[in-house]
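**Q** make a model of this:
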Amino acid sequence: PITLLLLLLFSLNPTLTWSLTTYNTFSDLGAIPNSKLISTAIENSRILENALNAMNKTSDGDSTVLEIEKGQTYYLQGGIYATGLRHSKILIDGTLKFREDGYWYGGGVEGWPMTTSKGKEHPKECLELRDVENVTFTSSSSGRGKTDRGVIDGSGQVWWGLPLFGYMSTGTARPHLIYVKRAKDFVFENIVLKDSPRWTFVGHGLDNAVIRDCSIVARRTRADGHGMIDLSAFNTDGFDVSGHDVHIHDCDIWNQDDCIAVKDDKDGSYNMLFENINASGTGLVIGSIGTTHVRNITFRDSYLHRSYKGIFLKFRDGANNPNNPGIIEDVLYKNITIFESVQWPIWIGPAQQAISSNPCNPSPCSLCWPSFPHFGGDTCDPIAALYKNITLDQVTLTNPVTSPGVILGSSTERMQDLTFNDVVVSDCGEGASFDRIESFPGLKQDLSDVFVFEFYLMLTASIFTFICISILICCDYSGNTQRLHPRKCCTGKRSWLAPPNQEVFWTNSKIFTVGIVLFTFIPVYIMGSSLPGYGGHLNTAEYYECTGVDNGVAKGKTNIIPSCFIDETGGDLMDEECRSWVIPTIGTCYVAFLGLFYSFVFWVPITDWRNQRNEEYQERNGDASGMVRTESEEGMAVELVGNGEDQEERRGSGVWKEDREL
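**A** Numbering: from 1, shown residues only. Here you go, the predicted structure:
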């Protein structure tokens, strides 16, 4: 009755000031669990927003607790905004799940709260907190491997939309899952963050923050890697943080963009430590950085599993302001294993990204560089900003798919003091001995993406329709399947393109060859035409690019020396058995396979069409070699081929029946 009375009073006066006790459960405040009704999600969001805003009303020394009860799922609307939280704990033992009733094509969620920024309308964040102090988000179940930790689920599938198409409709007009701005003495622990529409956790202006024992997962399939379907959940960054004195440890992140990214802050970002991280996405990142100063950053004791990139440092457009250039200095990557990275295991240079619906648009370095130079992927401009004192120590690149990396500095603002110590590239071994699911416990979360099912359903329907159309093309107007004559098709002696008894250019083999050239060799050439040294970035035995570096040094057991570094290793220490050679990328193999398939698809209707024209020509004109057409007793078309004693009768079944004389 008290809860109903509170709800009634609040419905009459939404501005009513809330007052919380020291311990509050979400249901006691009037929230309704396990209901997917839109009205319930809106009401739950309003209750949560008011409860969070009331957490600054307690006296100093008191701690307010809000519990999301275990075993309960509360659906939310989004656009939850709270400010001024103090001395509070949010205990998430159940699940907070944002609405999942999106448009069929993945254009977002109807009725989602919107805001206007820089003249454009954008969705509000799922949960936004500002100016918080001494606040903890946690779960009763502690430890990264626990399966009963609390969950915050962004229902990202409704924002990602149909694979390969959803991003074109929504772009970056998607909400972040958690956005925290200006937080002091902040702890976030023991929580699973699942399927964020865009960036998962954004901590801007953090001061003494700890994030630990958390899992982030954003994927669309169960694949052990990042294929095109999974990558359609693009921009799902893991932890993006700026500020100072930040410690993130014992977390696992499986997403489709930066796993951990140090961002810039107006006062600079510094004194950050990231350790014991298992990650798979686009790696452990600093950037993209503009005209600010980032310093004293350490990544250590971490494992990257089939990540798209590995170690990734990047400046964006604008960092080359001559009056205030960006600076990244005093950075250490230590004891890092990168297993079978899909693209560049090491990248130090300009941001390789696209800030538009065109993935090949350079901003400042094209995502298509260098594989697709003919589609805008020929641009990767260095940024005149400063890298200084960057150290990679005990870094292992196991079974790399491409070149070890790119080091691309500016000719005017050259990189200074880069050190590679014990940076080992090897094809030997199978990587760290680990269980993928146990090392990434976030992958234990349920996987349900209706848009992937719809995509495959549409793809299957399209292929089936294409096959049906191809079959129809191979049939005449009466519905009778055109007869195939293997001997004539192979020899090509008769064709509507040439007089009888003359060799024909368009034989089956030549048609198939044309298809292979059109659909296989040309695409593969386009992918690789700009790659020097037979394969360029596919060559795992050398760095693809190394320019703009002063005082670059390779030490210890480093076995592939960047061309612009000084070799202080004492010689090439790579075992011959473990030497990396040029290998084709997965993308190239896929294009080649697809090309062969389409070559066959191209070949079938063309050859059948040619045979049909042959039949029509011969029926009208006969054949100078003595071929005539008759009707057999069964009404089946019969061809008499040859002269005199060598004349043969061929029926529609393609079987040679008998010899006759005219």
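**Q** quick check: phi and psi at Gly79.
**A** phi 70, psi 20 (degrees, to the nearest 10).
**Q** next: Gly205.
**A** Torsion angles, degrees, to the nearest 10, at Gly205: phi 70, psi 40.
**Q** and the residue lying closest to it once chain neighbours are set aside, which of the three is it?
**A** Leaving aside its sequence neighbours, Gly205 sits nearest to Arg182 (CB to CB, 6 or more residues apart in numbering; 4.5 Å). Using the backbone N, CA and C atoms, a C-beta is placed for each residue, glycine as well. Here Arg182 is recorded as strand under DSSP: H, G, I helix; E, B strand; the rest coil.
**Q** which residues touch Arg182?
**A** 130-132, 204-205, 207 (CB atoms under 8 Å, 6 or more residues apart in numbering).
**Q** now, which of those residues sits nearest Ile191?
**A** Val132 (16.0 Å; CB to CB).
**Q** tell me the spacing between the closest one and Ser141.
**A** Taking CB to CB, to the nearest Å as the criterion, Val132 is separated from Ser141 by 23 Å.
**Q** neighbour count: those two, which is higher?
**A** Val132 (22 against 15; other CB atoms under 10 Å).
**Q** any idea which element that one lies in?
**A** strand 127-138 (DSSP states H and E).
**Q** what of Tyr543?
**A** Tyr543 is part of no helix or strand when elements are defined by DSSP H and E.
**Q** same question for Leu457.
**A** helix 450-473.
**Q** got the contact list for His247?
**A** With contacts taken as CB under 8 Å, 6+ apart, His247 has the following neighbours: 209-212, 272-274.
**Q** which parts of the helix or strand it falls within are buried?
**A** Element membership for His247, per DSSP H and E: strand 239-254. For strand 239-254, burial by neighbour count (16 or more other CB atoms under 10 Å) applies to 239-244, 246, 248-254.
**Q** tell me the one of the residues you listed nearest Gly166?
**A** Trp254 (19.5 Å).
**Q** tell me how many other residues surround the closest residue to Ala319 other than its chain neighbours.
**A** In space, and not counting its chain neighbours, Ala319 is closest to Gly326: 3.5 Å by CB to CB, 6+ apart. A count of nearby residues for Gly326, using other CB under 10 Å, gives 25.
**Q** residues contacting Gly326?
**A** Gly326 sits in contact with 264, 289-294, 315, 319-320, 383, 385-386, where contact means CB under 8 Å, 6+ apart.
**Q** next, count neighbours for Phe165.
**A** For Phe165, using other CB under 10 Å, the count is 16.
**Q** for the one 5 residues further on, same thing?
**A** Thr170 has 24 neighbours, counted by other CB under 10 Å.
**Q** surely it meets Val158?
**A** No. In this structure, Thr170 is not within contact of Val158 by CB atoms under 8 Å, at 9.8 Å.
**Q** tell me how far Asp550 lies from Thr412.
**A** For Asp550 relative to Thr412 (CB to CB), the value is 12 Å.
**Q** quick check: what element follows the lowest-mean-pLDDT helix or strand in the chain along the chain?
**A** Counting by mean pLDDT, DSSP states H and E, the chain has its least confident helix or strand at helix 532-535, which shows a mean of 36. Per DSSP H and E, the first helix or strand lying C-terminal to helix 532-535 is strand 545-547.
**Q** next secondary structure element downstream of that next one?
**A** strand 549-555.
**Q** that next one pairs with which strands?
**A** Strand 549-555 has the following strand partners under DSSP bridges: strand 415-426 (parallel), strand 566-567 (parallel).
**Q** so which of these comes closest to Lys120?
**A** Among these, strand 415-426 comes nearest to Lys120, with 36.1 Å by CB to CB.
**Q** tell me if Asn34 really is in a strand.
**A** No. Judged by three-state DSSP, Asn34 forms no part of a strand; its state is coil.
**Q** surely it touches Thr73?
**A** Yes. Asn34 lies in contact with Thr73 (CB under 8 Å); the separation is 5.5 Å.
**Q** how near is Met55 to Phe98?
**A** Met55 is 21 Å from Phe98, where distance means CB to CB.
**Q** more neighbours, the two?
**A** In this view Met55 and Phe98 are compared by other CB under 10 Å, and Phe98 has more residues nearby, 29 against 24.
**Q** given the strand holding Val132, what are its sheet partners and their directions?
**A** strand 80-83 (parallel), strand 86-92 (parallel), strand 178-189 (parallel).
**Q** okay, now the unreliable bits of the stretch 251-400 of the chain?
**A** 357, 373-377 (pLDDT under 70).
**Q** can you pull out the strands in it?
**A** Shown for the stretch 251-400 of the chain, the strands assigned by DSSP state E, counting those that start in this stretch span residues 260-262, 269-280, 284-289, 293-305, 311-315, 327-339, 346-350, 386-398.
**Q** now render those strands as JSON lines, adding mean neighbour count and distance to Ser27.
**A** Shown next, in JSON lines, are the strands of the stretch 251-400 of the chain (neighbours: other CB atoms under 10 Å; distance: least, CB to CB, whole Å):
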{"stretch": "strand 260-262", "mean neighbour count": "26", "distance to Ser27": "35"}
{"stretch": "strand 269-280", "mean neighbour count": "22", "distance to Ser27": "35"}
{"stretch": "strand 284-289", "mean neighbour count": "27", "distance to Ser27": "40"}
{"stretch": "strand 293-305", "mean neighbour count": "21", "distance to Ser27": "39"}
{"stretch": "strand 311-315", "mean neighbour count": "28", "distance to Ser27": "44"}
{"stretch": "strand 327-339", "mean neighbour count": "21", "distance to Ser27": "45"}
{"stretch": "strand 346-350", "mean neighbour count": "28", "distance to Ser27": "48"}
{"stretch": "strand 386-398", "mean neighbour count": "21", "distance to Ser27": "49"}
